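>>> need a structure here:
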Amino acid sequence: MTNAAKWEAVIGLEVHAQMLTKTKIFCGCSTAFGSEPNTQTCPICIGMPGVLPVLNKKALEFAIRTGLAVNCTISKYSRFARKNYFYPDLPKGYQISQFEHPICEHGYLEIFVDNEVKRIGITRIHMEEDAGKNIHEGAGSYSFVDLNRTGVPLMEIVSEPDLRTPAEAAEYMRKIRSIVRYLGVCDGNLEQGSLRCDANVSVRPAGQKEFGIRAEVKNINSFRNVEKAIEYEINRQIRLLEDGGTVIQETRQWDADRGLTESMRSKEEAHDYRYFPEPDLVPLSVDGKWIDDIREALPELPDAKRQRFMEACGLPESDADQLTAERSTAEWFESAVMAGGRPKAVWNWIMGDLMKLLNEQNKSIEDCAIKPPQLAGMLRLIDEGLISGKIAKTVFEEMFRTGNDAEAIVKDRGLVQISDLSEIEKVVDEIISKSGKEVERFMAGDEKLLGFFVGQAMKATKGKANPGMLNELIKKKLS
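Residues are numbered from 1 along each chain as shown. Have a look, this model is predicted:
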């Protein structure tokens, strides 16, 4: 056991986001995922002698768009560098990246953890090309290399060491994913590796200003694993220090199956990569008007949308936070409200029944057969007393399956709610006359039996009786 209260963790994240361009960063090869190995390559991305890279302007635009969204300064002057290292999946023997002059610097974003807002600094965002992929499975004593991913455009979003807990780190990464998806610059698919995270973790005695020696943890591919990997690494370092040992600066790998980090290699410093300016690419000089145009075209981002939903729709902060995590969900909600649905009722149906059905069928809200105005139409039927909440669930499932309007489903299946008092009274009188023992117990003070009478009446009317009228009538009859 460690005495964690005596220690403070210092955490910084390096989030690698694959930009959602159709072609690679320095050539015209496709970036599509899942193709046959080595079918999306050309002399430029596999580093043949004599070829020259040309920067994909859309990748530059996406980097600027992201920088503006997280309050960065956009550099009017930036340039690429060669980062030299030797891996089998790096055909040129170097990676084209940015070093001294990145495209974006000195930004921040805010996260909401434990009912508090915390600002996390962003040191820089720089562009670089991805490496290939080593394939070890099913290869016997051999490994193979797939270079399809080589040259795919990446942004590396580097935070300041402002994070203190695994929960903060996971929330920060969720926020990054939400922003890049709102912007349309990255699909945020952790399973396919289009959003990846490395964590720099150190510990220091509580109250100490100086940072401890950090370890970099790689291979983190989910929000859950961000928390688990960092938590393990914090505890590992505390145990080591409390036992009189020393933390060494190294790169470690997260093994999700075993739930631990393990040493990969000593941690490289910048000089180990022998950075020098990329001679085949001219420095970037970004026009100020272009930056302004990109800023003007930014969509409403999660924080602004959340605040607006709270003010205009009266949603609690937690509800608005959940709703705005995904742009598609927030826009679906807004469309349903604009079509006449009450905001809180729309939120309840989206976050409850709709998400349940989507998850069961592994669908996204964009693929949903129900359109926002159809939900608003169903809610009108409830408000008008034509269907009950219980009937609405049956109607909603049918809408999800067929895409038909609620009104048509109610009419075709005869699901209109019974709100005729005399008709409900007949049913109630019959149930009371057949339930002498239950009536006696209820009259003697066993008020839980109210549910029995309501249930029997609902069964008799096939769930169509108006619940409010039914409850009132039963209480009146038995009083």
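>>> Could you name the helices and strands sitting against the strand ranked longest in the chain?
Identified as the longest strand of the chain according to DSSP state E is strand 116-129. Judged by 3 or more C-beta pairs under 8 Å, 6 or more residues apart in numbering; DSSP states H and E, strand 116-129 is in contact with helix 57-69, strand 94-97, strand 104-113, strand 153-159, helix 166-183. (Glycine included, C-beta is placed from N, CA and C.)
>>> Off-centre distance for the helix or strand that that strand is followed by?
Remark: after strand 116-129, the chain's next helix or strand is strand 133-135, criterion DSSP states H and E. Centroid separation between strand 133-135 and its chain, computed with C-alpha atoms, centre = their mean, to the nearest Å, is 27 Å.
>>> Strand 133-135 - contacts with which helices or strands?
strand 144-146.
>>> Now L260, what are its backbone angles?
The phi and psi values for L260, taken as degrees, to the nearest 10, are phi -150, psi 160.
>>> That one reaches E231, doesn't it?
No. Look at L260 against E231 with C-beta atoms under 8 Å: they stay out of range, at 10.9 Å.
>>> So for the two, which residue has more residues nearby?
More crowded of L260 and E231, by other C-beta atoms under 10 Å: E231, with 18 against 15.
>>> what residues are up against that one?
Neighbour list for E231: P166 [criterion: C-beta atoms under 8 Å, 6 or more residues apart in numbering].
>>> so how far is the strand or helix carrying it from its chain's centroid?
Taking DSSP H and E as the definition, E231 sits inside helix 223-242. Counting by C-alpha atoms, centre = their mean, helix 223-242 is centred 23 Å from the centre of its parent chain.
>>> From T123, how far off is V395?
Look at V395 and T123: by C-beta to C-beta, to the nearest Å, they are 52 Å apart.
>>> Compare neighbour counts for these two and give me the winner.
Using other C-beta under 10 Å, the more surrounded residue of V395 and T123 is V395, with 23 against 19.
>>> What separation do you get for the more buried one and D405?
Distance from V395 to D405, counting by C-beta to C-beta: 10 Å.
>>> before we move on, what about W349?
From W349 across to D405, the span is 15 Å (C-beta to C-beta).
>>> Ok, N348 next?
Taking C-beta to C-beta, one finds N348 at 20 Å from D405.
>>> Tell me where the model's unsure across this protein.
The model of the chain has pLDDT under 70 over residues 1-4, 138-140, 267-271, 416-421, 423, 464, 466.
>>> run the last query once more with 50
Under the criterion pLDDT under 50, the flagged ranges of the chain are 1.
>>> domains in it, as residue ranges please.
4-293, 300-413, 421-478 (automatic domain parsing).
>>> Figure out how far the second one is from the centre of its chain.
To tie it back to what came earlier, the one meant is domain 300-413. On the basis of C-alpha atoms, centre = their mean, the separation between the geometric centre of domain 300-413 and that of its chain is 19 Å.
>>> With the last one instead?
Relative to its parent chain, domain 421-478 has a centroid offset of 47 Å by C-alpha atoms, centre = their mean.
>>> let's number from 820 now, not from 1
Taking 820 as the first residue, the last one we looked at is domain 1240-1297.
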